[in-house]
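> Sequence first, then the predicted structure, then my questions.
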Amino acid sequence: MAKAQIAALIMLVTMVSTAMVSTYAYADGADPNWAQLNDNQRKVLAPLAAEWNSLRPWQREKMLDISRDFQSMNAQQQQRVQKRLTDWSKMTPFERENIRKKYQQFQSLSPEKRDELRKKWQAYQSLPEAQREKLRQQNPELDGVELDNQSSIH
């Protein structure tokens, strides 16, 4: 009987310890709500303020990674991140899911095919705005798609 009680006690201590570690990880900021973010995080992630508390934990973690790296970015990279966060915050869930799928499809391509698409994108970007608008009207599924993987939000 004593061995069974000791085994039960060990199991109970293990379960309580695991629960405490999980609770500590959560309370330590692994999934903070908006009010728990520091000033710098709120400044960088401001475009997501209205929806922050409804983001999934993995989405919050990704955004916190972005805010952590933000200070080490140059001004151009920071502007790019801010624009992407703003654009992302304006998208519907359906649009976001489509962007995620396109990003995953792009990432699954061979490096050569990705380079080819990047070159085409750069050629497109160098066109006058009137020509780009015409192409967007002909191919609405391409509007707003960026073909690189730096600081992307997906």
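Happy to help now that I have it. Numbering: from 1, shown residues only.
> after the worst-scoring helix or strand of the chain on mean pLDDT, next one along is what?
Every helix and strand in the chain was compared by mean pLDDT, DSSP states H and E; the lowest is helix 2-25, with a mean of 44. The C-terminal neighbour of helix 2-25 among helices and strands, as given by DSSP states H and E, is helix 39-44.
> for that next one, packing partners?
Here helix 39-44 touches helix 57-70, helix 75-90, going by 3 or more Cβ pairs under 8 Å, 6 or more residues apart in numbering; DSSP states H and E. (C-beta placed from N, C-alpha, C; glycine too.)
> Report the buried residues of it.
When neighbours are counted by 16 or more other Cβ atoms under 10 Å, the buried residues of helix 39-44 are found to be 41-42, 44.
> So what's the residue count around residue 64?
In terms of burial, residue 64 registers 18 neighbours under the definition other Cβ atoms under 10 Å.
> no no, residue 102
Using other Cβ under 10 Å, residue 102 has 16 other residues around it.
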